[in-house]
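J.: Here's my sequence, what's the structure:
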Amino acid sequence: MTERFIAAVVQQAIPGNDKRANLAATLQYVREAAAGGARLVVLQELHATRYFCQTEDTACFDLAEPLDGETFMACAAVAAELDIVLVMSGFEKRAPGLYHNTAQVIDGNRGRVGIFRKMHIPDDPAFYEKFYFTPGDATAAALNGFQPIQTRAGKLGVLVCWDQWYPEAARLMALAGADMLIYPTAIGWNPPDDAAEKNRQRDAWVTIQRAHAVANGLPVLVANRCGHEPSPQAGDPGIEFWGHSFIAGPQGEILAQADAEGQGPLCATVDLQRSEDVRRIWPYFRDRRVDAYANLTRRWLDGN
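T.: Predicted coordinates for the structure are as follows:
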């Protein structure tokens with residue numbers, strides 16, 4: 001494992017559901033990242049298609065693929081050619097009627113070295129993911145749950161979008177030995193919201209993930225999509241994905257950050273030795289009161 005290397009997150013607008021066209025653009029950005037020296041490249045959530053969860057439509061299940069589907073095969077071929085670690089994201093068909101939101105990690109010509117099936121599944125206006133996705137299997141530790149994935153770039157604590165709001169998920173990845181936290185993401189604004197509300201939402205999103213970096217002494221890599229995606233439902237304004245993909249260091253320091261509209265790879269040097277250095281100064285893991293945390297496994301402390 002190399003302790004100091006260039007990593008990249010790819011931010012991209014998705015104009016439609018033409019997978020081949022979307023993948024061609026994505027993989028060109030991957031090539032650009034590798035040409036810039038990136039050893040690790042992270043793609044955004046569900047990057048092969050538009051964000052179809054704005055409505056509940058059984059026809060959208062046709063977009064799903066098995067783990068070894070065309071999207072994986074295309075990504076695996078480029079990762080092998082460029083000899084890089086690539087984190088991709090897709091809509092997985094695991095079995096008839098059983099679908100997941102799944103990240104796959106490809107390590108050069110070794111191929112797939114691990115997967116993570118999204119654990120926290122939202123169900124909110126324009127984000128109707130519970131209709132489409134089954135949560136990951138926390139008991140199947142070899143494939144799912146909060147288990148980091150070993151690569152030449154270190155142990156990757158891969159989580160997906162809504163998982164990024166939960167400190168429990170980040171902490172469990174860190175406790176399992178993750179060297180960094182990685183969040184493929186698809187998040188944006190409701191266009192009618194005013195500017196102040198939009199800024200509050202985006203700032204909260206950046207802040208919570210920087211806080212995971214601070215609380216765990218780990219770098220955080222976040223790849224978010226950008227651009228407006230219309231809703232299939234008449235009269236619905238769609239979603240304006242806010243971009244702002246970023247890479248932060250183990251004290252939450254921003255190493256690189258995109259704007260709302262820019263597309264392509266965002267690169268920064270990640271230094272894993274700094275995690276050790278920071279944890280010696282801020283020894284949160286040493287001082288955790290694990291004897292007092294049993295109630296964290298309860299839904300609510302109401303006496304029932």
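
J.: residues touching the closest residue to F285 other than its chain neighbours, list them.
T.: Using C-beta to C-beta, 6 or more residues apart in numbering and skipping residues adjacent in sequence, the residue nearest F285 is R279, 6.8 Å away. To be clear about C-beta, it is placed using only N, CA and C from the backbone, and glycine gets the same treatment. Shown in contact with R279 (C-beta atoms under 8 Å, 6 or more residues apart in numbering): 217, 250, 285.

J.: what sits opposite the residue nearest the centre of the chain in the beta ladder?
T.: With distances taken as C-alpha atoms, centre = their mean, P184 lies nearest the centre of the chain, 1.9 Å away. Per DSSP bridges, the residues bridged to P184 are A223.

J.: buried ones in stretch 162-178?
T.: For stretch 162-178, a neighbour-count test (16 or more other C-beta atoms under 10 Å) marks 162-166, 169-174, 178 as buried.

J.: ditto for stretch 60-76
T.: Result for stretch 60-76 [16+ other C-beta under 10 Å]: buried residues 60, 63-65, 69, 71-72, 74-76.

J.: for it, how far is the first residue from the last?
T.: The straight-line separation of the ends of stretch 60-76 (C-alpha to C-alpha, to the nearest Å) is 24 Å.

J.: Ok, stretch 38-47 next?
T.: As for stretch 38-47, its first-to-last residue distance stands at 19 Å under the measure C-alpha to C-alpha.

J.: what distance separates it from the centre of its chain?
T.: Mean-position distance between stretch 38-47 and its chain equals 8 Å (C-alpha atoms, centre = their mean, to the nearest Å).

J.: for stretch 93-110, same thing?
T.: 14 Å.

J.: same check, this time on stretch 204-220
T.: 13 Å.

J.: Now do the buried residues in that stretch.
T.: 205-206, 209-210, 212-220.

J.: Which ones among these lie within helices?
T.: 205-206, 209-210, 212-216 (DSSP state H).

J.: which residues in the stretch 51-200 of the chain form helices?
T.: Per DSSP state H, counting those that start in this stretch, the stretch 51-200 of the chain carries helices over the ranges 70-82, 167-175, 195-216.

J.: Show me what the last one is packed up against.
T.: Contact here means 3 or more C-beta pairs under 8 Å, 6 or more residues apart in numbering; DSSP states H and E; on that basis helix 195-216 packs against helix 167-175, strand 180-185, strand 188-189, strand 220-224, strand 239-242, strand 246-248.

J.: helix, strand or coil for the residue nearest to F285?
T.: State at R279, reduced to three classes by DSSP: H, G, I helix; E, B strand; the rest coil: helix.

J.: Tell me the pLDDT of the closest residue to M180 other than its chain neighbours.
T.: Counting by C-beta to C-beta, 6+ apart, P219 is the residue found nearest to M180 once chain neighbours are left out, at 4.3 Å. Note on P219: pLDDT of 98.

J.: A35 is in contact with V41, correct?
T.: No - under the criterion of C-beta atoms under 8 Å, V41 makes no contact with A35, lying 11.2 Å away.

J.: Please say which of those two ends up with more neighbours.
T.: Between V41 and A35, V41 has the larger neighbour count (other C-beta atoms under 10 Å), namely 32 against 10.
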